[in-house]
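Enquirer: predicted model and sequence below, questions to follow.
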2 protein chains.
Amino acid sequence: MPQFLSTSDVDFEARFQAVLGAKREDSPDVDAVVAEIIADVRSRGDDALIDLTAKFDRLELTAETLRFSGAEIDAYCSQVSEADRAALQLAADRIRAYHERQMPEDAFWEDAAGASLGWRWTPVSAAGLYVPGGIATYPSSVLMNAVPAKVAGVGRLAMVVPTPDGAVNPLVLMAARIAGVDEIYRVGGAQAVAALAYGTGTIAPVDKITGPGNAFVAAAKRRVFGKVGIDMIAGPSEILVIADRDNDPDWIALDLLSQAEHDESAQSILITDDAAFGQAVAEAVDVRLQTLERRAVAGPSWRDYGAIITVRDMEEAVALSDRIAPEHLEICTADADAVTARITHAGAIFIGGWTPEAIGDYVGGPNHVLPTARSARFSSGLSVMDFLKRTTLARMTPEALRAIGPAAERLAISESLEAHGLSVRARLDQLNRD
Amino acid sequence: MPQFLSTSDVDFEARFQAVLGAKREDSPDVDAVVAEIIADVRSRGDDALIDLTAKFDRLELTAETLRFSGAEIDAYCSQVSEADRAALQLAADRIRAYHERQMPEDAFWEDAAGASLGWRWTPVSAAGLYVPGGIATYPSSVLMNAVPAKVAGVGRLAMVVPTPDGAVNPLVLMAARIAGVDEIYRVGGAQAVAALAYGTGTIAPVDKITGPGNAFVAAAKRRVFGKVGIDMIAGPSEILVIADRDNDPDWIALDLLSQAEHDESAQSILITDDAAFGQAVAEAVDVRLQTLERRAVAGPSWRDYGAIITVRDMEEAVALSDRIAPEHLEICTADADAVTARITHAGAIFIGGWTPEAIGDYVGGPNHVLPTARSARFSSGLSVMDFLKRTTLARMTPEALRAIGPAAERLAISESLEAHGLSVRARLDQLNRD
């Protein structure tokens, strides 16, 4: 049974805080192991990768077979059905079209003082994409990471994916091919992250690493951060649905379950202004849980972290939603656009009853890599910006320096940075002599 | 003596690697101490802040005096000379004008499938700004952090600044007032970061913390990351100057020294296509070092990490510069615009001999918080984007769902996520019944 809360309850605030603060993440302390693995890869390179892959993935590799050959990729891709290939292509095309609109513009202008100012965006030269193997192997995540990188103009995109016991998901390779991934290596875990960050004989180092992974991968990403850039460290998935009574309870139940089935630590919350509708959704969830393939995952998630919150009106719903700052927010109300306009903190909003969150996981176009654990208060989902960096530009004329240089000199002196001031003064003196 | 290198030397590559890889950062391991301090502030709030401030800053505070009152700020600001105030105001105005141009635009459009897609930018609700006290107290850093936050629309901007033995820099308070900082607290160190992240009786928690600090502050920022957002952890400052013979060696020497005087670990590098010019700059540095106020800092920096690299042509200079990926890059060559256009990795570029880097530290307009330690390969300087986050938007019509829903269902099934598929299928079935 999920939690049932109502803003009319006297103990609402305490219970809401408990739902908000529920410690859902189980982070085993793997940092010491990960530090050893990284040191091993840094010192022994490919040999370390080969040994660690034999140990963890029970797979014997050589420096020659670390990388998937073009012929191997061809062979795996030929196993993909035409329907699956077409679905991946449609998803990739839509993700590409959306992310192309995110490309920021360069700027360079001259201001009233005669200073030319601006900035220029350039892509990261080389990026690495971590793709989990084993049970949670998602071709959609390959598209969501690789397509923005390629739209940004990343020249070299290297992907790592473990193949435990040699098991390969052909859809993952197909997605990589469609997205334009340049190199694919059959390694995973902390050792793959280390290889991408520091390089080995076979794998050239990259500048930025993105993609989801288990606790070892997350710890490795934290450790190599600084040497390379990383994306966010994602926590368990979350959905908040705000729905009024004019919805099919079964649709809403399925939307809630589509997060719950990801992970026993996932959290699904419904906010409604109709207690009876909330009850109907809870019943619909129970019916679906009887037959759902992943009921062993979705059941515990819904039982332990699910919540149905009854509010007096949509004003309350918006206020609670902003406190939750959900990763995914579905707004199924009569005035969905108006409610959307009042939301401040959310990773992604799915507007209206015809927009199940699952559309956004695959084919909507926006990215499905989104901020979890209330971090939508201060961060954003993956985008082309994660694969670009900005160089600021400034060019002074003698006139511009004459106009603003004295203020710079003054501030430098006030900060006791004499050379800063002198570097301006030497030039101003020259101007005064000219 | 700095290192002298030439790309014509047989051992150039090894020596260049040594310059690139010089371990300049001295990071004492303060993590255990910082963990204790954070735990103390979380459990005891203001009382912990008061005790830790008495211990580290030798200053007795109460819950009432933790925050600077408006009258106190008035009194300190009245000590600032009109010339200093005007210089700060000019700097703030120029920084604001530059950063206003960075504001990204919202978007919402309908695509061929009938799906409405887009995104919306919203500011972080509350931000915290760390300002160091003691010797390195820089009003310019207050402007560089606070102005972009306010341009982004941050509603509440709280600043913390330690005042060891009660010492207050009036210019720091003046800069805060000019930039629109809302609250100023006289606390510092890891305890101030903890207070901003978790809140105390007096200091309400924020969502994002920016600003430079010592090893304790950096370790605290790393620890609270996730609970709140943080900016980059900056390393020692760096400058690379690319200059041909048509420059005054003294100007270039001063530009190199304006980084060296920041920190004994700062790094200043000159690349020139004229060995004699390089020698002349080295001599000019030596002359300036005889009298420079901060020669005890700049001298060791230049001696230990400085380098003068002679190249055959500007093509080589550009290639080396991109390998260095400097925080600050000054281009003082005849064809400075053309050289600038060929650079890929740099935090900020200062174009032409009339643009000393110090202009960018104060009044140019672009931010002076920039990526160090080669991280310009994958990251950017501080900007309004650091105080904004993006919510993606998607709204399907029944027709749009009919067009793209089947592909989503197909991919969900291929990933064994049944509820994802059913959430789309339930709606498609309804459409087929309609």
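Expert: Sure thing, it's come through.

Enquirer: so is the residue in the stretch 51-200 of chain A that chain B sits nearest to in a helix, a strand, or just coil?
Expert: Per C-beta to the nearest C-beta, residue A:87 is where the stretch 51-200 of chain A lies closest to chain B, at 4.0 Å. In this view, the C-beta of every residue, glycine as well, is placed from N, C-alpha and C. When classified by DSSP: H, G, I helix; E, B strand; the rest coil, residue A:87 comes out as helix.

Enquirer: residues contacting it?
Expert: Contacts for residue A:87 (C-beta atoms under 8 Å, 6 or more residues apart in numbering or on different chains) come out as A:362, A:363, B:406, B:407, B:408, B:410, B:411, B:414.

Enquirer: tally up the residues packed near the third one, please.
Expert: Just to be clear, that refers to residue B:406. 18 (other C-beta atoms under 10 Å in any protein chain shown).

Enquirer: if we can go back for a sec, what about the residue of the stretch 51-200 of chain A closest to chain B, distance to residue A:342?
Expert: Distance, residue A:87 to residue A:342, by C-beta to C-beta, to the nearest Å: 35 Å.

Enquirer: what helix or strand does the most centrally placed residue in chain A sit in?
Expert: Residue closest to the average C-alpha location in chain A (C-alpha atoms, centre = their mean): residue A:369, at 3.2 Å. Using DSSP states H and E, residue A:369 falls within no helix or strand.

Enquirer: find the nearest non-adjacent residue to residue A:342, please.
Expert: residue A:318 (4.8 Å; C-beta to C-beta, 6 or more residues apart in numbering or on different chains).

Enquirer: that neighbour contacts residue A:341, correct?
Expert: No: the criterion here is C-beta atoms under 8 Å, and residue A:318 misses it with residue A:341 at 9.6 Å.

Enquirer: the more surrounded of the two?
Expert: residue A:318 (21 against 10).

Enquirer: so which strand or helix has the nearest residue to residue A:325 once chain neighbours are set aside?
Expert: Distances taken as C-beta to C-beta, 6+ apart put residue A:345 closest to residue A:325, at 3.8 Å, once the chain neighbours are dropped. For residue A:345, there is no host helix or strand (DSSP H and E).

Enquirer: number of nearby residues for residue A:345?
Expert: When neighbours are counted by other C-beta under 10 Å, residue A:345 comes out with 23.

Enquirer: now do the same contact list for it.
Expert: Residue A:345 neighbours (C-beta under 8 Å, 6+ apart): A:321, A:322, A:325, A:376, A:377, B:122, B:125, B:389, B:391.

Enquirer: quick check, pLDDT for it.
Expert: We have a pLDDT of 98 for residue A:345.

Enquirer: roughly how far does it sit from residue A:320?
Expert: Residue A:345 is 11 Å from residue A:320, by C-beta to C-beta.

Enquirer: now do the phi/psi pair for the residue nearest to residue A:342.
Expert: Dihedral pair for residue A:318: phi -60, psi -40, per degrees, to the nearest 10.

Enquirer: and if you look at residue A:204?
Expert: According to degrees, to the nearest 10, residue A:204 has phi -70, psi 150.

Enquirer: what does the one 3 residues further on give?
Expert: Dihedral angles phi and psi of residue A:207 (degrees, to the nearest 10) take the values phi -100, psi -20.

Enquirer: I'd say it and residue A:149 touch.
Expert: No: look at residue A:207 against residue A:149 with C-beta under 8 Å: they stay out of range, at 11.2 Å.

Enquirer: now the common contact residues for those two.
Expert: A:124, A:127.

Enquirer: ranges for the helices of the stretch 1-150 of chain A?
Expert: A:12-21, A:31-44, A:46-57, A:70-77, A:82-100, A:139-152 (DSSP state H, counting those that start in this stretch).

Enquirer: so which elements touch the first one?
Expert: Pointing back at helix A:12-21 there. strand A:3-6, strand A:307-310, helix A:314-324 (3 or more C-beta pairs under 8 Å, 6 or more residues apart in numbering or on different chains; DSSP states H and E).

Enquirer: most tightly packed of the ones you listed?
Expert: strand A:307-310 (a mean of 24; mean count of other C-beta atoms under 10 Å in any protein chain shown).

Enquirer: name every strand pairing with that one and say which way it goes.
Expert: strand A:3-6 (parallel), strand A:267-272 (parallel) (DSSP bridges).

Enquirer: in a strand, that's where residue A:353 is, yeah?
Expert: No: counting by three-state DSSP, residue A:353 is not part of a strand but coil.

Enquirer: which residues touch it?
Expert: A:247, A:248, A:251, A:332, A:336, B:427.

Enquirer: now, the residues you listed that are in helices?
Expert: A:251, A:336, B:427 (DSSP state H).

Enquirer: quick check: the last one touching residue A:354?
Expert: It stands for residue B:427. Yes: between residue B:427 and residue A:354 there is a contact under C-beta under 8 Å: 6.3 Å.

Enquirer: now for the two: what residues contact both?
Expert: Counting by C-beta under 8 Å, 6+ apart, the residues touching both residue B:427 and residue A:354 are residue B:401.

Enquirer: count the residues that sit near residue A:249.
Expert: 21.

Enquirer: cool, and residue A:39?
Expert: 12.

Enquirer: need the pLDDT of residue A:434.
Expert: 82.

Enquirer: hang on, I meant residue A:233
Expert: So residue A:233 comes in at 80 (pLDDT).

Enquirer: now the one 5 residues further on
Expert: Residue A:238 carries a pLDDT score of 95 in this model.

Enquirer: per-residue confidence at residue A:136?
Expert: 67.

Enquirer: got a list of what the closest residue to chain B within the stretch 101-250 of chain A touches?
Expert: Among all residues of the stretch 101-250 of chain A, residue A:229 sits closest to chain B, at 3.4 Å; criterion: C-beta to the nearest C-beta. When contacts are counted by C-beta under 8 Å, 6+ apart, residue A:229 touches A:124, A:207, A:208, A:209, B:375, B:377, B:378, B:379.

Enquirer: rerun at 10 Å
Expert: Shown in contact with residue A:229 (C-beta atoms under 10 Å, 6 or more residues apart in numbering or on different chains): A:124, A:127, A:206-210, A:221, A:386-387, A:389, B:371, B:375, B:377-379.

Enquirer: ok, and the most crowded of those?
Expert: Counting by other C-beta under 10 Å, top hit in the contacts of residue A:229: residue A:127 with 33 neighbours.

Enquirer: hmm, it is touching residue A:147, no?
Expert: No: using C-beta atoms under 10 Å, residue A:127 is not in contact with residue A:147, being 12.0 Å away.

Enquirer: joint contacts of the two?
Expert: residue A:181.

Enquirer: what number of residues lie near residue A:78?
Expert: 9.

Enquirer: for residue A:175, same thing?
Expert: 32.

Enquirer: so what does the nearest residue in space to residue A:221 that is not next to it in sequence have for phi and psi?
Expert: Nearest non-adjacent residue to residue A:221, counting by C-beta to C-beta, 6+ apart: residue A:230, 4.6 Å away. Backbone dihedrals for residue A:230, given as degrees, to the nearest 10, come out at phi -130, psi 160.

Enquirer: about what we covered before: the contacts of residue A:345: which two are farthest apart?
Expert: Greatest spatial distance among the contacts of residue A:345 (C-beta to C-beta): A:321 and B:389, at 14.9 Å.

Enquirer: so is stretch A:396-406 next to chain B?
Expert: Yes: judged by C-beta under 10 Å from any C-beta of the partner chain, stretch A:396-406 comes into contact with chain B through A:396, A:397, A:398, A:399, A:400, A:401, A:402, A:403, A:404, A:405, A:406.

Enquirer: and that stretch, how far out from the chain middle?
Expert: 44 Å (C-alpha atoms, centre = their mean, to the nearest Å).

Enquirer: what comes up buried for that stretch?
Expert: Residues of stretch A:396-406 classed as buried by neighbour count (16 or more other C-beta atoms under 10 Å in any protein chain shown): A:396, A:397, A:398, A:400, A:401, A:402, A:403, A:404, A:405, A:406.

Enquirer: where does the closest residue to the last one other than its chain neighbours land on pLDDT?
Expert: Same thing as residue A:406. Leaving aside its sequence neighbours, residue A:406 sits nearest to residue A:428 (C-beta to C-beta, 6+ apart; 7.1 Å). Looking at residue A:428, its pLDDT is 98.
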